[in-house]
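Undergrad: Fold the following and give me the result.
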Amino acid sequence: RAGPLRLGVVANVDAAQADAAVRAVDRWVARRPGEERTCPAVAAPASPRAGTYSVDVPPGALSEVLIGVPLPPADANARAAAAWLAAALDGSDGLLGRALGGNGPTATPLARTWSAVVLGTPRAPALVVRLVGPDPSIDAAVAQVRALLDRLRHGALRDEDRTRAAAT
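TA: Sure thing, here's the model as predicted:
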């Protein structure tokens, strides 16, 4: 117990398996008073990859879509602007509600629920838009949201939208 510990690991898959075993054992080794285990440096998060990833849902279940817009991790101003934008997008009377067509008495919305929020701060922040709706209309809802985000990128945010976001 007071002497050095030697450990031999035989892995049957690859070196990563052996490294995982050594890390697991190291967590259980008792340290002497005053000795400290240093944690490894945290690796930078992987860069976001654009793409569409689908998951099969049971028949009759509602489809759910998450649209993520990555933000620069070190830019507090970009995160603040994205939080304001999320406030303008969110809600039944927000920009998403108007874009998805749920504002008229006879209008059938393209999604049943929607929301916008900034997640992942401080290391991997992103503006995330969530849509939930029936499968036949979800693709049209995604197209509407992408078009809305593109219009906003080109300066389509109106003063009344800013006022609503500030009140939110």
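
Undergrad: the strands in this protein, which residues?
TA: Using DSSP state E, the strands found in the chain span residues 63-70, 113-119, 126-133.

Undergrad: packing partners for the shortest one?
TA: Helices and strands touching strand 113-119, as assessed by 3 or more CB pairs under 8 Å, 6 or more residues apart in numbering; DSSP states H and E, comprise helix 76-89, helix 95-99, strand 126-133. C-betas here are computed from N, CA, C, even on glycine.

Undergrad: what's the angle between the lengthiest helix in the chain and helix 76-89?
TA: Longest helix in the chain, counting residues (DSSP state H): helix 135-153. With axes from the mean of the first three to the mean of the last three CA atoms, to 10 degrees applied, the angle from helix 135-153 to helix 76-89 works out at 130 degrees.

Undergrad: Helix 135-153 vs strand 113-119, what angle?
TA: On the basis of the same axes, to 10 degrees, helix 135-153 is oriented at 50 degrees to strand 113-119.

Undergrad: Show the low-confidence segments of the protein, by residue range.
TA: 1-4, 36-40, 42, 45, 48, 102-106 (pLDDT under 70).

Undergrad: Name the nearest residue to Leu100, sequence neighbours excluded.
TA: Excluding the flanking residues, the one nearest Leu100 by CB to CB, 6 or more residues apart in numbering is Leu110, at 4.6 Å.

Undergrad: cool, Ala141 as well?
TA: Leu110 (3.8 Å).

Undergrad: So Trp84 sits against Ala167, correct?
TA: No. Under the criterion of CB atoms under 8 Å, Trp84 makes no contact with Ala167, lying 11.7 Å away.

Undergrad: okay, these two: which has more neighbours?
TA: Shown here are Trp84 and Ala167; by other CB atoms under 10 Å, Trp84 has more neighbours (17 against 7).

Undergrad: Contacts only, for the more buried one.
TA: By CB atoms under 8 Å, 6 or more residues apart in numbering, the residues touching Trp84 are Arg162, Ala165, Ala166.

Undergrad: Give me the neighbour count for the second one.
TA: Ala165 sits with 20 neighbouring residues when counted by other CB under 10 Å.

Undergrad: heads up, I number from 246, so please use that
TA: With the count now opening at 246, the last piece we talked about shows up as Ala410.

Undergrad: Looking at the contacts of Trp329, spot the one nearest Asp380.
TA: Ala410 (31.2 Å; CB to CB).
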